[in-house]
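Colleague: give me a 3D structure for the following:
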Amino acid sequence: MPLEFWLLFAPACFAINIYPGPNNILALGNGARFGFGHAFRAALGRLPAFAVMIGLVAVGLGVVLSASETFFTALKWIGAAYLVWLGVKMLRAPVDMSALTAIGRREPVSRLAGREFFVAATNPKAIVTFTAFFPQFLVPGGDYVWQISLMGAAFIVFEAIAIALYAYGGSRVGALAGTANRMRWVNRISGGALVAAGVVLALARRPQPV
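Modeller: The predicted model follows:
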């Protein structure tokens, strides 16, 4: 891909990565509750889901999701229900300030990473975004699969940067919260945002063919 394509693709792609979607909200909340390192490692669990989606787009299966009302709707409702469940769980989570320093009392990274993976995998808008976004930067006549793969690799790198920013931001929120009462508000805001994200996902319409 020519340099001018990358100069257009990189900022546009990073804008998508940094958007406060469900996964980034989850990383923010985990950062506030468990600290940067724990939240960052957990949030890496979303990357395999995105990598699989990018692979599907590379072989053209993203078109199936865009065209299939049944598939899109089923995946949408599963993802929406899971986000609402996570949000309610966070709203009701007990506040334990020692979780920020006592590693043994934190939720295991593997469990949090599994949530990150499931949230990413059940969000059909992600693969539809890849299907609609990546082709805008394809060089006509080039190797389609190779170009998608390069853009996908760049997306994963930008996603890791976004993860670090949200996990760090959450950890700073947790540090500034200071008291159990303030941390309850952090949980309420994060949980409420996840519930809202679930509702938005449930109301999402299938993209119409152009």
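Colleague: so what secondary structure elements neighbour the lengthiest helix in the chain?
Modeller: Among the segments of the chain that qualify as a helix by DSSP state H, the longest is helix 144-177. Contacts defined by 3 or more C-beta pairs under 8 Å, 6 or more residues apart in numbering; DSSP states H and E place helix 144-177 against helix 3-18, helix 22-34, helix 36-43, helix 46-58, helix 180-203. Bear in mind the C-beta positions are built from the backbone N, C-alpha and C, glycine included.
Colleague: what angle sits between it and helix 22-34?
Modeller: Between the axes of helix 144-177 and helix 22-34, defined by axes from the mean of the first three to the mean of the last three C-alpha atoms, to 10 degrees, the angle is 30 degrees.
Colleague: what angle sits between helix 144-177 and helix 46-58?
Modeller: Going by the same axes, to 10 degrees, helix 144-177 makes 150 degrees with helix 46-58.
Colleague: quick one: distance of helix 144-177 to the chain centre.
Modeller: Taking C-alpha atoms, centre = their mean, to the nearest Å, the mean C-alpha location of helix 144-177 is offset from the chain mean by 9 Å.
Colleague: relative to residue 172, how far out is residue 33?
Modeller: Separation of residue 33 from residue 172 (C-beta to C-beta, to the nearest Å): 13 Å.
Colleague: so these two - more neighbours on which side?
Modeller: Using other C-beta atoms under 10 Å as the criterion, residue 33 and residue 172 rank with residue 33 on top: 28 against 13.
Colleague: kindly tell me how buried residue 149 is, as a neighbour count.
Modeller: Quick note: residue 149 (other C-beta under 10 Å) scores 14 neighbours.
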